[in-house]
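Asks: when you get a sec, could you give me coordinates for this:
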Amino acid sequence: MNIHATAVRVGEAGVLLLGPSGSGKSDLALRLIDRGAMLVADDRVVLRREGEALWADAPAVLAGRLEVRGVGILAFPAVAATVRLALILDESMPRLPERRHLSWLGIDVPALILPPFGASAVLRAEAAVGLVLRDRLWSHDD
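Replies: From the prediction side, this is the model:
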């Protein structure tokens with residue numbers, strides 16, 4: 001399955017960045033990579049199911065390439081990753097997240113709305129990954 005998205009691996013978690021063209025997917029990916037994340041894919045992401053895991057990878061023609069607006073297409077090391085979180089890039093972020101999941105190939109992935117261009121977007125994304133990895137993403141519901 002091929003979707004319009006950008007994906008990075010933050011620690012051990014694959015993160016899908018979702019939104020229309022110009023919504024900040026590549027920009028947020030670049031900032032996450034600057035803090036140690038690894039590029040999975042930019043613009044198009046290939047999803048596949050292996051058992052109960054959803055994997056993200058780049059189409060061969062785009063592997064290791066990230067579009068940086070105003071600069072060009074840059075090369076980065078690229079990896080595949082198990083998808084653990086989807087971030088929907090949108091400026092209308094709720095104060096507390098609603099319990100939300102998106103599904104691909106029969107696998108539900110927790111999803112959050114995140115404004116991509118704010119100074120804290122990278123920190124919010126990293127914090128969300130930390131919560132997902134500790135199964136605490138929806139802890140405010142308890």
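
Asks: give me the phi and psi angles of Ala13.
Replies: phi -110, psi 130 (degrees, to the nearest 10).

Asks: one more: Val61?
Replies: Residue torsions, per degrees, to the nearest 10, at Val61 are phi -70, psi -20.

Asks: per-residue pLDDT of it, please?
Replies: In this model, Val61 is scored at 92, pLDDT.

Asks: equivalent analysis for Ala119, please.
Replies: In this model, Ala119 is scored at 89, pLDDT.

Asks: what does Pro77 give?
Replies: Looking at Pro77, the pLDDT reads 95.

Asks: and the helices in the protein?
Replies: For the chain, the helices defined by DSSP state H cover 25-34, 121-133.

Asks: now distance to Ile107 and mean neighbour count too, for the ones you listed, in a markdown table please.
Replies: Placement of C-beta: from N, CA and C, glycine included. As requested, the helices of the chain are exported to a markdown table (distance: least, C-beta to C-beta, whole Å; neighbours: other C-beta atoms under 10 Å):
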| stretch | distance to Ile107 | mean neighbour count |
| --- | --- | --- |
| helix 25-34 | 21 | 21 |
| helix 121-133 | 14 | 18 |
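
Asks: for Glu12, which of these is the nearest?
Replies: Set against Glu12 and scored by C-beta to C-beta, those come closest in helix 121-133, at 6.7 Å.

Asks: any residues touching that closest one, and which ones?
Replies: Contacts with helix 121-133, where a contact means C-beta atoms under 8 Å, 6 or more residues apart in numbering, come from 10-13, 15, 24, 28, 31-32, 35, 84-85, 87, 110, 112, 114-115, 118, 137, 139.
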